[in-house]
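Asks: Got a sequence here, can you model it:
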Amino acid sequence: MATDSPRLFQEALDIVLDHMRETMIAKQHDYGPGNISDFGDYGVLVRVNDKVHRAKNLYLTGDAPRNETVDDTWLDIACYALIAMMWRRGIWGFPMTEATRD
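Replies: Numbers count the residues shown, from 1 in each chain. Just a heads-up that it's a prediction; the model follows:
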């Protein structure tokens with residue numbers, strides 16, 4: 001992630017998208033495509049619902065998270081949205097290059 005403060009919307013967007021890309025590649029390496037392929041976009045919707053309920057609970061109660069941060073929850077929601085878009089376009093499940101598997 002960039003350490004300089006962005007000065008333009010596009011730069012700020014690139015910082016967040018780079019973080020999302022790194023996260024998705026790392027998690028895809030760990031999970032593989034099967035966890036999504038087993039249940040499709042409905043399964044992704046269930047996962048997003050879990051994340052939304054977690055965020056709502058933390059916001060409404062004011063409790064500090066015990067595991068992942070609220071930022072991690074928002075990141076997961078965004079990544080799941082991208083996964084659903086890939087699934088719906090028929091481009092989910094491609095193999096990873098060896099370079100990203102290290």
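Asks: What segments of this structure are helices?
Replies: Here the chain has its helices, by DSSP state H, at 9-31, 34-37, 40-61, 70-88.
Asks: closest to residue 95 out of those?
Replies: Distance to residue 95, taken as CB to CB, is lowest for helix 9-31 among the helices of the chain, at 10.1 Å. Any C-beta I mention is one placed from the backbone N, CA and C, and that applies to glycine too.
Asks: Could you check how far the closest one is from the centre of its chain?
Replies: Between the mean C-alpha location of helix 9-31 and the chain-wide mean there is a distance of 8 Å, by CA atoms, centre = their mean, to the nearest Å.
Asks: Counting by contacts, list what it packs against.
Replies: Counting by 3 or more CB pairs under 8 Å, 6 or more residues apart in numbering; DSSP states H and E, the packing neighbours recorded for helix 9-31 are helix 70-88.
Asks: C-alpha coordinates for the helix it packs on, CSV please?
Replies: What follows is helix 70-88, C-alpha atoms only, in CSV (Å, rounded to 0.1, in the frame of the first residue of the first chain):
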residue,chain,number,x,y,z
VAL,A,70,-14.0,-3.0,10.9
ASP,A,71,-11.7,-2.0,8.0
ASP,A,72,-11.1,-5.7,7.4
THR,A,73,-14.9,-6.3,7.3
TRP,A,74,-15.4,-3.5,4.7
LEU,A,75,-12.5,-5.0,2.7
ASP,A,76,-14.1,-8.4,2.8
ILE,A,77,-17.5,-7.0,1.6
ALA,A,78,-15.8,-5.2,-1.3
CYS,A,79,-13.8,-8.3,-2.3
TYR,A,80,-17.0,-10.5,-2.1
ALA,A,81,-18.7,-8.1,-4.4
LEU,A,82,-15.9,-8.5,-6.9
ILE,A,83,-16.0,-12.3,-6.6
ALA,A,84,-19.8,-12.2,-7.3
MET,A,85,-19.2,-10.0,-10.4
MET,A,86,-16.6,-12.5,-11.6
TRP,A,87,-18.9,-15.4,-11.0
ARG,A,88,-21.8,-13.8,-12.7
